[in-house]
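1. Just the structure for this:
(4 chains)
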Number of protein chains: 2
Amino acid sequence: MSAEKTPTRGELRRQAMLDAASELFLEKGYERTSLSDIVCRSKGSRSTLYEQFGGKEGLLRAMIEQATAVTWQALNSNTFADLGSEEGLCALGICFVHAALAPQSVAVFRVLAAESERVPEVARLFFELGPRSSERILAERFANSALVRDGFASPEQLARVFLGSLLGVLHARRVLGLSVVLDEAEMESHVRVAVRVFLDGVGCCRA
Amino acid sequence: MSAEKTPTRGELRRQAMLDAASELFLEKGYERTSLSDIVCRSKGSRSTLYEQFGGKEGLLRAMIEQATAVTWQALNSNTFADLGSEEGLCALGICFVHAALAPQSVAVFRVLAAESERVPEVARLFFELGPRSSERILAERFANSALVRDGFASPEQLARVFLGSLLGVLHARRVLGLSVVLDEAEMESHVRVAVRVFLDGVGCCRA
DNA sequence: TCTATACTGTACGGTACGGTACAGTCAATT
DNA sequence: AATTGACTGTACCGTACCGTACAGTATAGA
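-> Presented below is the predicted three-dimensional model:
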């Protein structure tokens, strides 16, 4: 449908190496994954790796850029027309949590947590394409919305608070490797609670 | 005042090494910090390091356990009597954000993000003494509180949502090394917004 | 002061890894 | 089938690091 040609042999090898690197970085971390591991799993060769990526760090960048693009694609391509409504916020919320907790996303986050000093521009790219993008979308909508009370909080603050409440401490759990698997229903339930709290709070209109 | 004796020479050297390791792991990450770096900065010797910690991984454990205890001490020792009120929630919130965003805490998180597979019990310890502890305190209070509407959400869900909203995406920023320094006033403002949203929401009582 | 203990400083072994070189092999195109 | 370019497999170099050994030195207690 799109302009995709049948991939050349080189493109296939490249992708196989990216996939292998992605898996291994997830399993063992960046520093503890050796080039030989990657070459071995990708069934490619050392020489090709150097031709394609120029070295270990080049492979890291390529892997992160691809994983980021793939994982957050849905969020950035979606227009999210009705962000004022509960339903609209839930839709974005579910999308956001999916993206943030996806195994690939967690893998990238782990690697960047350890290596951000060394590849700061990749860390920035990940954040901009990922969480920051959602933050911007939300802040913009909030700014033109009746949701924001005058002088109460900036749209940016509200966006941060809302997105944080969606993740709760689930992201930290995942990154630390402590998480039980979160099934679809639990996740959706969590998002609904967060959205309700955000819109109506938990204590008002009650006493 | 307490049972602290004047520390022995050994205890002093041990602490100097822990401090040096803490700084270096923060600056360069665990894998990229060599024992020689630590020995050099601590002005100690290689032999002493092995006597005290048994190796690099022992040093890692000791450093994380100490940093965790120190950083989250205020939160776990505080009783937080009035968690039903806005003021009480703000007090806990500020304490929580301080603990979570403290440089030492971020350093530990970074290391554990990369190494959690290798020292899972340390990762669990960090989480239990840190975020999980706050989650428990809150959930318990919420359970005995008028805050929780019947059938709306479990106390645990609310605690997760609330703590997440306190952090927003600030923690991720810090861990990825992207954060501008957050001054005290901004932080407090953020916490106040989060607490207000949690209690009253942002859209209710309005239309 | 004398002695036992603990810390220092340095050197070394073994290993693992990143990166390079190069000869051999395979695949696509004509 | 021939040719050209791309991929493979392996061997190798330099380096860095963990962990150990050991001789020398400072410190605390009798």
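
2. what about stretch A:177-197 and chain B, touching?
-> Yes: between stretch A:177-197 and chain B, judged by CB under 8 Å from any CB of the partner chain, the touching residues are A:Gly177, A:Leu178, A:Ser189, A:His190, A:Val193, A:Ala194, A:Arg196, A:Val197. Yep, even glycine has a C-beta here, placed from its N, CA and C like the rest.

3. buried stuff in that stretch?
-> Residues A:Gly177, A:Leu178, A:Met187, A:His190, A:Val191, A:Arg192, A:Val193, A:Ala194, A:Val195, A:Arg196, A:Val197 are the ones in stretch A:177-197 that count as buried (16 or more other CB atoms under 10 Å in any protein chain shown).

4. quick one on the thing from earlier: any chance of TSV for the residues of stretch A:177-197 next to chain B, columns distance to A:Arg46 and pLDDT?
-> Below are the residues of stretch A:177-197 next to chain B laid out as TSV (distance: CB to CB, whole Å; pLDDT from 0 to 100):
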residue	distance to A:Arg46	pLDDT
A:Gly177	30	93
A:Leu178	36	92
A:Ser189	48	95
A:His190	45	96
A:Val193	51	95
A:Ala194	48	96
A:Arg196	54	93
A:Val197	53	94
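
5. Identify those among those residues that sit within helices.
-> A:Ser189, A:His190, A:Val193, A:Ala194, A:Arg196, A:Val197 (DSSP state H).

6. gap between the fifth one and DNA strand D?
-> So the one you mean is A:Arg196. 49 Å (CB to the nearest atom of the strand, to the nearest Å).

7. can I assume that residue is in contact with B:Phe152?
-> Yes: checked against CB atoms under 8 Å, the pair A:Arg196 and B:Phe152 is within contact range at 7.2 Å.

8. any common contacting residues for those two?
-> Shared contacts of A:Arg196 and B:Phe152 (CB atoms under 8 Å, 6 or more residues apart in numbering or on different chains): none.

9. For A:Ala81, what are phi and psi?
-> phi -70, psi -40 (degrees, to the nearest 10).

10. Next, see if stretch A:84-104 gets close to chain B.
-> No: using CB under 8 Å from any CB, stretch A:84-104 never reaches chain B; the gap is at least 8.5 Å.

11. ok now that stretch, how far from the chain's centre?
-> Centroid separation for stretch A:84-104 versus its chain: 11 Å, with CA atoms, centre = their mean, to the nearest Å.

12. now, which of the buried residues of stretch A:177-197 sits nearest DNA strand D?
-> Among the buried residues of stretch A:177-197, A:Gly177 lies closest to DNA strand D (CB to the nearest atom of the strand), at 21.7 Å.

13. Quick check: which ranges of chain A have low pLDDT?
-> Along chain A, the parts satisfying pLDDT under 70 run over A:1-6, A:146-151, A:203-207.

14. and it, which residues reach DNA strand D?
-> Within chain A, the residues that sit near DNA strand D (CB under 7 Å from any atom of the strand) are A:Thr8, A:Arg9, A:Gly10, A:Arg13, A:Val39, A:Lys43, A:Gly44, A:Ser45, A:Arg46, A:Ser47, A:Thr48, A:Glu51.

15. check those residues against DNA strand C, which are close?
-> Within those, those near DNA strand C by CB under 7 Å from any atom of the strand are A:Arg9, A:Arg46, A:Ser47.

16. domain assignment for chain A?
-> A:1-54, A:60-200 (automatic domain parsing).

17. Just give me the residue right at the centre of chain A.
-> A:Ala100 (4.1 Å; CA atoms, centre = their mean).

18. can I have the helix or strand where A:Phe127 lies written out in CSV, keeping just the CAs?
-> Element membership for A:Phe127 (DSSP states H and E) is helix A:120-129. In CSV, the C-alpha atoms belonging to helix A:120-129 read as follows (Å, rounded to 0.1, in the frame of the first residue of the first chain):
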residue,chain,number,x,y,z
PRO,A,120,21.9,12.5,25.9
GLU,A,121,20.4,13.5,22.6
VAL,A,122,18.9,10.0,22.2
ALA,A,123,17.4,10.3,25.7
ARG,A,124,15.9,13.6,24.7
LEU,A,125,14.6,12.2,21.5
PHE,A,126,12.9,9.4,23.3
PHE,A,127,11.3,11.7,25.8
GLU,A,128,10.1,14.1,23.1
LEU,A,129,8.6,11.5,20.9
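
19. Mind giving me the packing neighbours of that helix?
-> helix A:56-77, helix A:103-115 (3 or more CB pairs under 8 Å, 6 or more residues apart in numbering or on different chains; DSSP states H and E).

20. Pick the most deeply packed of those helices.
-> With neighbours taken as mean count of other CB atoms under 10 Å in any protein chain shown, the helices and strands packed on helix A:120-129 reach their highest mean count in helix A:103-115, at a mean of 23.

21. contacting residues around A:Ile64?
-> Contacts of A:Ile64 by CB under 8 Å, 6+ apart are A:Val108, A:Val111, A:Leu112, A:Val119, A:Val122, A:Leu125, A:Phe126.

22. likewise A:Pro131?
-> Applying CB under 8 Å, 6+ apart to A:Pro131 gives the contacts A:Ala100, A:Leu163, B:Val169, B:Ala172.

23. one more time with 10 Å
-> Going by CB atoms under 10 Å, 6 or more residues apart in numbering or on different chains, A:Pro131 touches A:72, A:75, A:96, A:99-100, A:160, A:163-164, A:167, A:171, B:168-169, B:172-173, B:176.

24. Which single one of the residues you listed is nearest to DNA strand D?
-> Nearest to DNA strand D among the contacts of A:Pro131, with distances taken as CB to the nearest atom of the strand, is B:Leu176, at 23.5 Å.
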